[in-house]
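> Pasting the sequence and the predicted coordinates here, then a few questions.
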Amino acid sequence: MTTQWLAWAPPAGPWRDWLTDHGSLTRRLKGLARQFRVRRLAQGAARPHRDEGVLLDLGPGSLALVREVLLLDGDTPLVYAHSVIPRSALRGPWTQLTGLGNRPLGEALFSNPRVGRHPLQYRRVDRRHPLYRKAVAHLDRAPASLWARRSLFTLAGRGLLVTEVFLPATLELR
């Protein structure tokens, strides 16, 4: 079981192609899903997970804007996405992201040529990880583990972290 975020893509069987695709996940899912949509689950001030705070250079106990959504095909969950924006960045380059509602964050990120993307990181999450627990809450049957990837996006020197947890139905897309 991968317990830390990895800078290289692990051998992940059928998930490898999904994990290593550097393009817009939103665009890819829209092209494959018959009824692609986004359902916002939560958005508000919260403490990021410890490893997220470190990556975003936030002090212990700092609050950030945390957004959680499901990317769906109709009512079938495909990906649980978790985004963290430091509060300081909300007064700057990422201000417009607070009003996305049920619109995909990926479209906003990949349509702006000034947004930079750092290399992807990968991890397998299980019941011990909070992202796993939040992701499987939307499934009828919870697998023992799920693959996740994350990437830091930057605009005007300010970071935004996006983590995507892939759910079993994603593999059924063709």
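Thanks, I have it.
> Export the lowest-mean-pLDDT helix or strand in the chain to CSV, keeping only CA atoms.
When the helices and strands of the chain are scored by mean pLDDT, DSSP states H and E, helix 105-110 comes last with a mean of 75. Extracted in CSV, the C-alpha atoms of helix 105-110 (Å, rounded to 0.1, in the frame of the first residue of the first chain):
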residue,chain,number,x,y,z
LEU,A,105,-12.8,23.7,-11.8
GLY,A,106,-10.8,21.9,-14.5
GLU,A,107,-12.3,24.1,-17.2
ALA,A,108,-11.3,27.3,-15.4
LEU,A,109,-7.7,26.0,-14.8
PHE,A,110,-7.0,24.6,-18.3
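> buried ones in that helix?
Neighbour-count burial for helix 105-110, counted by 16 or more other C-beta atoms under 10 Å, picks out Leu105, Gly106, Ala108, Leu109, Phe110. In this view, the C-beta of every residue, glycine as well, is placed from N, C-alpha and C.
> bridging residues for Ser83?
Counting by DSSP bridges, Ser83 is bridged to Arg67, Val162.
> residues contacting it?
Neighbour list for Ser83: Val66, Arg67, Glu68, Leu105, Leu160, Leu161, Val162, Thr163 [criterion: C-beta atoms under 8 Å, 6 or more residues apart in numbering].
> what's the nearest residue to the first one if we skip its chain neighbours?
If I follow you right, that is Val66. Spatial nearest neighbour of Val66, excluding adjacent residues (C-beta to C-beta, 6 or more residues apart in numbering): Ala46 at 4.1 Å.
> what about that neighbour, how many neighbours?
Ala46: 14 surrounding residues under other C-beta atoms under 10 Å.
> wait, it sits on Ser62?
No. Ala46 is not in contact with Ser62 according to C-beta atoms under 8 Å; the separation is 10.3 Å.
> quick one on the thing from earlier: the residue nearest to Val66 and Leu146: what is the separation?
Applying C-beta to C-beta, to the nearest Å, the value for Ala46 to Leu146 is 21 Å.
> Out of the contacts of Ser83, flag the one nearest to Leu6.
Thr163 (13.6 Å; C-beta to C-beta).
> Helix, strand, or coil at the residue lying closest to that closest one once chain neighbours are set aside?
Nearest residue to Thr163, sequence neighbours excluded (C-beta to C-beta, 6+ apart): Arg150, at 4.0 Å. Under the three-state scheme (DSSP: H, G, I helix; E, B strand; the rest coil), Arg150 adopts strand.
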